[in-house]
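**Q** Need a 3D model of the following:
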Amino acid sequence: MSEGYCTNKEPVSGTVRRLNGARLGGKFLKLHGRRVGDCTCGRTITVTDAGNLMRHKPPQA
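**A** Okay, the predicted model is just below:
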């Protein structure tokens, strides 16, 4: 891991899904249509347009 960040870029296969934040209300409207996927480190992260996970740190132990 470089500087504490997870080096995994590929989401676990079959875990990419689209969040529907619209039903949560206006405060969470920014979540509407956002694609997220699970990383092997255990976090759920936003997926970029290229299908990669965004840069993230693994969960604290």
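**Q** Gly33 touches Arg18, doesn't it?
**A** Yes. Between Gly33 and Arg18 there is a contact under CB atoms under 8 Å: 6.1 Å. For glycine as for every other residue, the C-beta is placed from the backbone atoms N, C-alpha and C.
**Q** beta partners of the most centrally placed residue in the chain?
**A** The centre of the chain sits closest to Ile45, judged by CA atoms, centre = their mean, with a distance of 1.4 Å. Counting by DSSP bridges, Ile45 is bridged to Gly37.
**Q** Tell me the predicted confidence for it.
**A** Ile45 is assigned a predicted lDDT (pLDDT) of 93.
**Q** Distance check, Asn52 against Cys41.
**A** 14 Å (CB to CB, to the nearest Å).
**Q** Correction: the previous question concerned Arg55.
**A** 12 Å.
**Q** where do the strands sit along the protein?
**A** 17-18, 35-38, 44-46 (DSSP state E).
**Q** could you give me the average pLDDT of stretch 25-37?
**A** 85.
**Q** Compute the first-to-last residue distance for it.
**A** Distance between the two ends of stretch 25-37: 22 Å, counting by CA to CA, to the nearest Å.
**Q** before we move on, the earlier item: tell me who's in contact with the residue nearest to the centre of the chain.
**A** 11, 36-39, 53-54, 56 (CB atoms under 8 Å, 6 or more residues apart in numbering).
**Q** repeat for Arg43
**A** 6, 56, 58-59.
**Q** Now restrict those to buried residues only.
**A** Among the contacts of Arg43, those scoring as buried are 6, 58 (criterion: 16 or more other CB atoms under 10 Å).
**Q** Turn the contacts of Arg43 into TSV, including distance to Leu29.
**A** TSV is the format used below for the contacts of Arg43 (distance: CB to CB, whole Å):
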residue	distance to Leu29
Cys6	28
His56	23
Pro58	29
Pro59	27
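**Q** and the contacts of Arg43 as TSV, adding distance to Gly25 and pLDDT?
**A** Shown next, in TSV, are these (distance: CB to CB, whole Å; pLDDT from 0 to 100):
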residue	distance to Gly25	pLDDT
Cys6	31	93
His56	26	94
Pro58	30	92
Pro59	27	89
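**Q** Good, wrapping up.
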